[in-house]
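**Q** need a 3D model of the following:
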Amino acid sequence: MHPGSEFKVVFGRLRGILKMQARTLVVSEDTDTRYCLEGMVGPATLRAWGGKMKRGMLPVAWVEIGKSDVSFHLMGIYGDSKLRAGMSKELKKRMQGKTCFNFTSGDEAIFVELEELTARGFRAFKRAGFIQ
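**A** Alright, predicted model coming up:
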């Protein structure tokens, strides 16, 4: 399969994971190459910004097709060592930085794990007060 075709398949699966969680969030972007969910800024974000509202919405998670991979960003795992500690070795291998996972091909077992991590990450992000 051509990498571009594989990327579209991976993107579609990852977009589906985010769509399952979109009910309490705002879809700020939905194109053939990028899907982004945002939430209303919560008190923890406002404190982190020194009490000054910088914008009303905060990106929570997004997926996008890049030149060399499909990236899946999940802000809810930033700073949450319990969520990261529970990840499989296979999923950790795909991490780039603190909130990004890179994919060049599909792996259903990893997608199922990421689906659960995404749900837990969204709940943790809200519970911590970063979004309302």
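
**Q** for the residue nearest to Phe125 when sequence neighbours are not counted, give me its contacts.
**A** Nearest residue to Phe125, sequence neighbours excluded (Cβ to Cβ, 6 or more residues apart in numbering): Gly76, at 3.7 Å. In this view, the C-beta of every residue, glycine as well, is placed from N, C-alpha and C. When the contact criterion is Cβ atoms under 8 Å, 6 or more residues apart in numbering, the partners of Gly76 are Val60, Ala61, Leu83, Thr118, Arg120, Gly121, Phe122, Arg123, Ala124, Phe125.

**Q** show me the beta-bridge partners of the second one.
**A** Right, Ala61. Assessed by DSSP bridges, Ala61 has beta-bridge partners Leu37, Leu74.

**Q** isn't it up against Phe122?
**A** Yes. With contact defined as Cβ atoms under 8 Å, Ala61 counts as touching Phe122 (7.4 Å).
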